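S.K.: with the input below, show me the fold.
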Amino acid sequence: MQLHGRFPLAQQLGFTGSGRLVAVVPNEPACSGLGDSGTASMEYRVSGPNPLVLINGNELCPVLGLAQPPPQQPPEPQDPA
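M.R.: As a prediction, this is how the structure comes out:
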């Protein structure tokens, strides 16, 4: 599952993307509802298998990866022939 948004903690940890990022999370119960809620806290965990997690109520949703979406450019105008 992909979540689009701003993740300020990622930049503090050295991710050199723009403010808008995509967080890839597993499709599992701990992550369900994150896309609908609109807001989640990101936490850096010093030890354990999941260094970055999104907090979903009392559940910890592991962040599998972060990516910067490609720049959005308007389509090239078509030449009417």
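S.K.: any weak-confidence spans in the protein?
M.R.: Where the chain drops to pLDDT under 70, the residues are 16-19, 37, 72, 74-75, 80-81.
S.K.: tell me, what residue is most central in it?
M.R.: residue 23 (2.1 Å; Cα atoms, centre = their mean).
S.K.: for that residue, helix, strand, or coil?
M.R.: Here residue 23 is recorded as strand under DSSP: H, G, I helix; E, B strand; the rest coil.
S.K.: beta partners of it?
M.R.: For residue 23, the beta-bridge partners are residue 3, residue 66 (DSSP bridges).
S.K.: surely it touches residue 53?
M.R.: No - using Cβ atoms under 8 Å, residue 23 makes no contact with residue 53, being 10.3 Å away. Every C-beta, even on glycine, is put in place using the N, C-alpha and C of the backbone.
S.K.: show me where the protein has its helices.
M.R.: 8-12, 34-37 (DSSP state H).
S.K.: how about stretch 21-41: buried residues?
M.R.: 21, 23, 25, 30, 31, 34, 40 (16 or more other Cβ atoms under 10 Å).
S.K.: quick one: the fifth one from residue 21, how far?
M.R.: Spelled out, it's residue 31. Residue 31 is 16 Å from residue 21, where distance means Cβ to Cβ, to the nearest Å.
S.K.: alright, that wraps it up for me.
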